[in-house]
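> here is a sequence together with a model predicted from it:
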Amino acid sequence: MRFQSPLVPARLLRRYKRFLADVRLESDGREVTVHCPNPGAMTGLDRPGMRVWLEPARGKGRKLPFGWRLVELGGGHLAGIDTQVPNRVVAEALADGRIPALLGHDEIRREVRLGDQSRIDFLLCDGRGGRTWVEVKNVHLRREGPVAEFPDCVTKRGARHLDELARVARSGARAVLLFVVQRSDCRAVRVAGDIDPAYLRAFEAARDAGVEVVCHETELSTTEIRLGGSLPLLAPVRPAGSDGLAHDDTSP
């Protein structure tokens, strides 16, 4: 996925109201408000002073002049913050046959209804009646070592998607959860069950039902973002005092 316009460097001043950020442009020192396409916690990625990369807004009716796309990390690494990007790079990779675990399909459908409340990101059909349901999750939390973690905040929607995938797997169809790591400094993925115990329970129930988990890195630059190679899935981080058994969820 190539950016439609050359990205512009700036320094982050603050992020607020989830979808807004104030930055100072490096070119002329102007302070402007930009769109932040990420409703999540963005832990470690929204610290004031970080160098960020912005894409000029295109099209009529745009209220803000730029959209925030990347943040620079230590050691020359980058992280993508746009939560819509993983679906786009996965769509490109599927069309090009670059996801080994998801080869052999003849048709790609996007945003397909599954159940009463959910839409799953992709439905792959193989022409022989076989179906593979794929849900994509953006991953950019890193807390310790070169390990990316999901989720970065409580996600009831994410748990619901897992329940729907589990239902698909139990029916005999193929269901896949695809973690896409949007940062270049991670070499593995794990579930942050201490952040959202309910999601961990749904994740483990889904795997028990037959849901497959696939993890991929991304190749990030200031000109494009592409799906990279596969990454290993590590054992999850469990809540403090967890005994490995299911408990009632007391999170809001």
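That came through, no problem.
> so where is the stretch 101-250 of the chain shaky, pLDDT-wise?
Confidence mapping of the stretch 101-250 of the chain against pLDDT under 70 gives the ranges 242-250.
> by contact count, what packs against the helix or strand where Cys215 lies?
For Cys215, the enclosing helix or strand under DSSP states H and E is strand 212-220. Counting contacts by 3 or more C-beta pairs under 8 Å, 6 or more residues apart in numbering; DSSP states H and E, the secondary-structure elements packed against strand 212-220 are strand 78-80, strand 174-181, strand 225-230. Placement of C-beta: from N, CA and C, glycine included.
> partners of that strand in the sheet?
Strand 212-220 has the following sheet partners, assigned by DSSP bridges: strand 174-181 (parallel), strand 225-230 (antiparallel).
> export these to JSON lines and tack on mean neighbour count and distance to Leu7?
Written out in JSON lines, the entries for these read as follows (neighbours: other C-beta atoms under 10 Å; distance: least, C-beta to C-beta, whole Å):
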{"stretch": "strand 174-181", "mean neighbour count": "24", "distance to Leu7": "20"}
{"stretch": "strand 225-230", "mean neighbour count": "18", "distance to Leu7": "11"}
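> to Arg238, which of the helices and strands packed on strand 212-220 lies closest?
Closest of these to Arg238 is strand 174-181, at 18.1 Å (criterion: C-beta to C-beta).
> now do the closest one: everything it contacts.
Counting by C-beta atoms under 8 Å, 6 or more residues apart in numbering, strand 174-181 makes contact with 86, 89-90, 99, 101-102, 130-140, 148, 150, 162, 165-166, 168-169, 189, 203, 206, 210-218, 227, 231, 233, all of which sit outside it.
> alright, I will stop here.
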